[in-house]
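Enquirer: Starting from these lines, generate the structure:
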Amino acid sequence: MGTPVYYAGANGMLLAFLDRLFFSTHFDKSMKVGASVISSRRAGSTSAYDEINKYFGICNMPIVSSTYWNEVHGSKQEEVEKDLEGLQTMRNLARNMAFMMKAIQLGKEKYGLPKMERGVFTNFSDGL
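Expert: Numbering: from 1, shown residues only. Got it, this is the predicted structure:
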């Protein structure tokens, strides 16, 4: 999932889409690999990065990382192309993602997927 950063947060349309995708769909997202990619002019990117990664974490999805936060800087494509560290981070992210997807597939074939416990929800409905 990728987003530009607005006011230190992810794009609102993307968040609305993610809410619907992650909480309104019933397909199992376990062990599907997820990565967030952030683009900002200068700052606010780490809070947007965190915002998107929470969707993956709550759905039992491994989160792919890189050699730095998965972000690039620049308002325009020409500016992003000058962010050599950001571009390097994206290349490393792509390699890590491909590796993780292959490793999960091999592990699934050899060992199966981890057993997940389901169905226990704490709600404190007794008023405590």
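Enquirer: what about this protein, any weak spots by pLDDT?
Expert: 127-128 (pLDDT under 70).
Enquirer: ok, 90 please
Expert: 1-7, 22-28, 40-45, 75, 116-128 (pLDDT under 90).
Enquirer: longest single helix anywhere in it?
Expert: helix 84-111 (DSSP state H).
Enquirer: could you pull out the strands for the chain?
Expert: Ranges of strands within the chain are 2-6, 9-10, 37-40, 71-73, based on DSSP state E.
Enquirer: out of these, nearest to residue 64?
Expert: strand 37-40 (10.1 Å; C-beta to C-beta). Yep, even glycine has a C-beta here, placed from its N, CA and C like the rest.
Enquirer: neighbouring contacts of that closest one?
Expert: Residues from elsewhere that reach strand 37-40 (C-beta atoms under 8 Å, 6 or more residues apart in numbering): 1-5, 10, 45, 48-49, 52, 69-74, 80, 90, 93.
Enquirer: Please state the offset of it from the chain centre?
Expert: 12 Å (C-alpha atoms, centre = their mean, to the nearest Å).
Enquirer: Check which strands are paired with that strand and give the direction for each one.
Expert: strand 2-6 (parallel), strand 71-73 (parallel) (DSSP bridges).
Enquirer: Brilliant, that's me finished.
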